[in-house]
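Trainee: pasting the sequence and the predicted coordinates here, then a few questions.
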There are 2 protein chains.
Amino acid sequence: MSCGCGSVSKPALTGIVLTLTLYCLHVFALKSHLLTRHGGGLGTAAKDAVIKYKTLYFDQKIDHFGFLEDGTFKQRYLVNEEHWLQGGGAILFYTGNEGDVTWFCNNTGFMWDIAEELGAMLVFAEHRYYGESLPFGKDSYSDPKHLNYLTSEQALADFAVLIKELKQTVPGAQNSPVIAIGGSYGGMLSAWMRMKYPNIVVGALAASAPIWQFPDMVPCGDFYKIVTQDFSRSGLNCDANIKKSWKAIDNITATDDGLQWLTKGLQFVFPPEEDRRGGLQPLPRWPIQVVCKHIGFNPSTVSDHQLLVGISEAVGVYYNYTGNTPCLNTSSTATGNLGFIGWYYQACTEMVMPMCTDGIQDMFEPQEWNFKAFSDECQALFGVRPRANWAETVYGGLDIHSHSNIVFSNGALDPWSGGGVTRNISDTVVAIVIPDGAHHLDLRFNNEYDPHSVLSARAQEVEFFKLWIKQAKKKL
Amino acid sequence: MSCGCGSVSKPALTGIVLTLTLYCLHVFALKSHLLTRHGGGLGTAAKDAVIKYKTLYFDQKIDHFGFLEDGTFKQRYLVNEEHWLQGGGAILFYTGNEGDVTWFCNNTGFMWDIAEELGAMLVFAEHRYYGESLPFGKDSYSDPKHLNYLTSEQALADFAVLIKELKQTVPGAQNSPVIAIGGSYGGMLSAWMRMKYPNIVVGALAASAPIWQFPDMVPCGDFYKIVTQDFSRSGLNCDANIKKSWKAIDNITATDDGLQWLTKGLQFVFPPEEDRRGGLQPLPRWPIQVVCKHIGFNPSTVSDHQLLVGISEAVGVYYNYTGNTPCLNTSSTATGNLGFIGWYYQACTEMVMPMCTDGIQDMFEPQEWNFKAFSDECQALFGVRPRANWAETVYGGLDIHSHSNIVFSNGALDPWSGGGVTRNISDTVVAIVIPDGAHHLDLRFNNEYDPHSVLSARAQEVEFFKLWIKQAKKKL
């Protein structure tokens, strides 16, 4: 299903509008959070001066866990050695997530900021099936057979093999302690990397990594509850008016006139399907506050029409902040590099992350988590069925106390923190919570507007890195 | 290649005899060690009184690491709950190796001996592709496609999924701490189980587990060096005369008469191919000493003929101890349940264990480790090529210090100890060496002839189990 520019010619399409609207508003709410505070930072020119890398390729086995398929593909990785102390300086290794690795490289300023202090080599490794790292080239997504090697276990094995290769072939790297770093799904991978390959990485920073956003680990409603709390604190009546808007849509679309008005007069600008996760469009610095300004009505007195005009303007903040997008073309893929289809496949196999709403603790219409429906959709789309409990089995679930040297950082504003590790598990598996932070803010470049809490988090993270490096050196 | 009863009608077969003889003597030496002290123990009647179990089957996914193949197979497992303290008593979980699990169940008396003391449930899980646990029934070994899911990673995932299933479905098992136990390859699996799934097993006893018998970890000659040392200490001139025998064979087979004598007159009894690993035939209590009695010649004066008559008698100890095997039928499979073909496939993929001899530190003819030749043989046999470095990458190689709660036990007489962990790695990854022990003697039933060292090892192992159980209970 795609969200196109709303243009309904027949009353029979009422249902479509409603569905599209509900859906896109969900996306909007989710997206606004993923991006809270993502804006700002160093100017483009300043970043470009810092970010210089070699682009390299490594022959990876397509299948690490079977021997029948013995083919290889070119895994892309980016390297910067400018500050590296050859002969033992650390390697900061970004465990790439679901997208083009250059994007993560450019948006993980933290690594660039600390490279000199740590005398570290920077490596950004691309996740298989994303960016240029396609196991079967243009056929990689063609059918379930070609998609079969898109799993987190294979990706972790890629990272492990690549690191061993670097240590063996880069002069002076043999004794370099490697620290895994990642954000979001990449953060999950960095944590799992330390859990599964502690011989290969001496520690991991898992930023905004919802490793517990799996069945039976955290309540499925936590995500949207945090979304709602964020809207609640971002403007007067903001969450209340959004909650009220669902009924307003029902009321308005109950008549043909209302439907015409909603779809033609209001000109909702719907985002393309690929935009459902993450995003790159220009945004104000604290988008939810700007959004909420458009809907600061008194919910007791606002009319349905007034409310939806406000909602329409609010949605515009997200998808048309520059004012240059009269009506988005659904085929545009401003954020297509985040590999939506790939991630959906992963969600349809291992990354089963239940979400639900109840309309009481959150501002959304009640919607239960329906595994059966989800599984059927996966079967129809990809010819595979998700395995709801596999992630818990393979990655340890809530019981991760026997691991070591992992820092889980989370922004309290980030709805993904609901599935994150926000309390210390042991002396060496620790949590850092950034009260004013959204999705892996700590991984961004230092910025004059940074709240104290994120500066403190980054400083703590660097201290852990130094400790792990020291421990590793001691063992040599 | 199979070792049949030697019966050569034509001089042209010289090469065959030589090859067979060399080969079978190698087997003999290896085998004698694997079996040192395996004999004896409780009488059959006594054992039968103790060993009672339910045979159960669990639907396992054929492929845990891909989602295209969504089929299942019946994994067999054996359960005894006689002494189990329902509602939290420990579960001792045998991580089955390359063979019929009933064999390991019957030969791991240690678990039966300690079940009552620990109030433990016993579970013996069969390894996929062995015994009755065949992913594709009789087609499981038919081609590389069907063999593709025979890997240690898949086997470990089977164990992990099965344990979670038991905890969820067996009333009172939810809080039962699980300890992994295994010997030889099964011991490697138990150690790896704790390394990869520390959320699922609280600790592991890895008995005679050569987790370092992989490329570049230990010298490839260590195995046969230990074999030679064992022969050296088991009888006067024993290793010297075996070393000398290679040349004697060359000398004798250089003439037609000699060849006739060797193959017809001497009636070597060759073991079937399936007997190359492990074994079950009746044996004397300390077989090498008996073997060595047949070849206690003065190596300076013994004639080639005398020596080979002695060697022939010595081989008979192994393959014809009862005197009832005039000439073994190569199609007999007394130890066929050890799944030779399956293990060979595993060696041809992940379990690449280099072995070599130099004729100086050992009593064998020099033979280098030839990975290329081995790989070509694997390609010809199974259509796959081994990946020499994968085991090190995935299982940590020599660097296992960050793990916890693993006991590695080794018998100093066991040549596999050359690839084992025989020194403490940390406070919680520890080694127990049994000076008088051979291959996982500590896993056997208590026996009146047991040396003190093995009794002490078993006692230490039980103390570790109690400690791990106590730690686990504390965390609940």
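Mentor: Structure's in. What do you need?
Trainee: how close does the residue most central in space within chain A sit to chain B?
Mentor: Nearest to the mean C-alpha position of chain A, counting by C-alpha atoms, centre = their mean, stands A:S184 at 4.6 Å. According to C-beta to the nearest C-beta, to the nearest Å, A:S184 and chain B sit 22 Å apart. Any C-beta I mention is one placed from the backbone N, CA and C, and that applies to glycine too.
Trainee: where does the prediction get shaky in chain A?
Mentor: Counting by pLDDT under 70, chain A shows low-confidence ranges at A:1-49, A:265-285, A:317-339.
Trainee: what about 50?
Mentor: A:1-43, A:269-280, A:325-338 (pLDDT under 50).
Trainee: can you give me the strands for it?
Mentor: Applying DSSP state E to chain A gives strands spanning A:54-61, A:72-80, A:91-95, A:121-125, A:178-183, A:203-207, A:406-411, A:429-434.
Trainee: got the residues of the stretch 301-450 of chain A near chain B?
Mentor: Applying C-beta under 8 Å from any C-beta of the partner chain, one finds that the stretch 301-450 of chain A approaches chain B through A:349, A:383-385, A:387, A:389-390, A:393-394, A:396-397, A:399-405.
Trainee: can you select the buried ones from these in PyMOL?
Mentor: Applying 16 or more other C-beta atoms under 10 Å in any protein chain shown to those leaves a buried subset, and the PyMOL line that selects it is:
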select buried, chain A and resi 349+384+387+389+390+393+394+396+397+400+402+403+404+405
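Trainee: in helices, which of the residues of the stretch 301-450 of chain A next to chain B appear?
Mentor: A:390, A:393-394 (DSSP state H).
Trainee: quick one: which of those residues is nearest B:V202?
Mentor: For those, the residue nearest B:V202 by C-beta to C-beta is A:T393; the value is 15.9 Å.
Trainee: distance of the closest one from B:Y197?
Mentor: Distance, A:T393 to B:Y197, by C-beta to C-beta, to the nearest Å: 8 Å.
Trainee: name the residues contacting each of these two.
Mentor: Jointly contacting A:T393 and B:Y197 under the rule C-beta atoms under 8 Å, 6 or more residues apart in numbering or on different chains are B:A160.
Trainee: for the residue nearest to the centre of chain A, give its distance to A:A155.
Mentor: A:S184 sits at a distance of 14 Å from A:A155 (criterion: C-beta to C-beta).
Trainee: same check, this time on A:A204
Mentor: 14 Å.
Trainee: check A:A120 too.
Mentor: Applying C-beta to C-beta to A:A120 and A:A155 gives a distance of 22 Å.
Trainee: which of these two has more neighbours?
Mentor: More neighbours surround A:A155 than the other of A:A120 and A:A155, with 31 against 27 (other C-beta atoms under 10 Å in any protein chain shown).
Trainee: rewinding a little: let me know the closest of the ones in helices among the residues of the stretch 301-450 of chain A next to chain B to A:F58.
Mentor: Here the nearest of these to A:F58, counting by C-beta to C-beta, is A:V394; it sits at 24.6 Å.
Trainee: ok, the closest one touching A:E153?
Mentor: Yes - taking C-beta atoms under 8 Å as the definition, A:V394 is a contact partner of A:E153 at 7.1 Å.
Trainee: touching, A:S426 and A:H401? I think so.
Mentor: Yes - using C-beta under 8 Å, A:S426 is in contact with A:H401, at 5.4 Å.
Trainee: number of residues surrounding A:N447?
Mentor: Using other C-beta under 10 Å: A:N447 sits among 16 other residues.
Trainee: next one: A:G186
Mentor: 30.
Trainee: over to A:L398?
Mentor: By the criterion of other C-beta under 10 Å, A:L398 has 15 neighbours.
Trainee: A:D216 is in contact with that one, correct?
Mentor: No - here A:L398 lies out of contact with A:D216, judged by C-beta under 8 Å, at a distance of 9.2 Å.
Trainee: what do the two both touch?
Mentor: Counting by C-beta under 8 Å, 6+ apart, A:L398 and A:D216 have no contacts in common.
Trainee: between the two ends of stretch A:299-307, what distance do you get?
Mentor: 9 Å (C-alpha to C-alpha, to the nearest Å).
Trainee: quick check: buried residues in it?
Mentor: Buried residues in stretch A:299-307, counted by 16+ other C-beta under 10 Å: A:299, A:302, A:304-305, A:307.
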